[in-house]
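A.B. asks: Need the 3D shape of this:
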Amino acid sequence: METKEIMLVCAAGMSTSLMVTKMQNAAQERDLAAKIFAVPVPEAKEYLAQHSVDVLLLGPQVRYLLDGFKEDYPEIPAEVIPMTDYGMMKGDKVLDLAVSLMNG
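C.D. replies: The predicted model follows:
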């Protein structure tokens, strides 16, 4: 099975790095091959210019950028991480969201 790339976009990266860890743990438990990583907003477009990702998740603090990402990268499924799941660090729920977006 090919490794899926899940990119989280955040303001600074502190709490999102914890979410990445929680999501990686959930992926391991499910035997899901996934590269899950977070980048701050200023680096997101730079990364996407050089790499392809399977899904793009935005932290609630940068939800206002969603329409722009969808417009600039229509081929990449994108969504905002629900505030409740983000606040409670529910990596399994956020991974569910990523998988459902990839399965379209």
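A.B. asks: What is the neighbour count of the closest residue to residue 33 other than its chain neighbours?
C.D. replies: Nearest residue to residue 33, sequence neighbours excluded (Cβ to Cβ, 6 or more residues apart in numbering): residue 3, at 4.3 Å. Heads up, the C-betas are built off the backbone N, CA and C, glycines and all. Using other Cβ atoms under 10 Å, residue 3 has 10 neighbouring residues.
A.B. asks: Angles on the backbone of residue 3, please.
C.D. replies: phi -80, psi 130 (degrees, to the nearest 10).
A.B. asks: So which residues of this structure form strands?
C.D. replies: All strands of the chain, identified by DSSP state E, fall at 4-10, 34-40, 55-58, 78-80.
A.B. asks: so can I have CSV of those strands showing mean pLDDT and mean neighbour count?
C.D. replies: Below are the strands of the chain laid out as CSV (pLDDT from 0 to 100; neighbours: other Cβ atoms under 10 Å):
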stretch, mean pLDDT, mean neighbour count
strand 4-10, 96, 23
strand 34-40, 95, 19
strand 55-58, 97, 24
strand 78-80, 98, 19
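A.B. asks: For residue 102, find the nearest of those strands.
C.D. replies: Nearest of the strands of the chain to residue 102, taken as Cβ to Cβ: strand 55-58 at 5.2 Å.
A.B. asks: What are the contacting residues of stretch 49-66?
C.D. replies: With contact meaning Cβ atoms under 8 Å, 6 or more residues apart in numbering, stretch 49-66 is reached by 4-11, 15-16, 19, 41, 69, 73, 76-83, 86-87, 94, 97-98, 101-102.
A.B. asks: Any chance of JSON lines for the strands of the chain, columns distance to residue 26?
C.D. replies: Below are the strands of the chain laid out as JSON lines (distance: least, Cβ to Cβ, whole Å):
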{"stretch": "strand 4-10", "distance to residue 26": "11"}
{"stretch": "strand 34-40", "distance to residue 26": "9"}
{"stretch": "strand 55-58", "distance to residue 26": "13"}
{"stretch": "strand 78-80", "distance to residue 26": "17"}
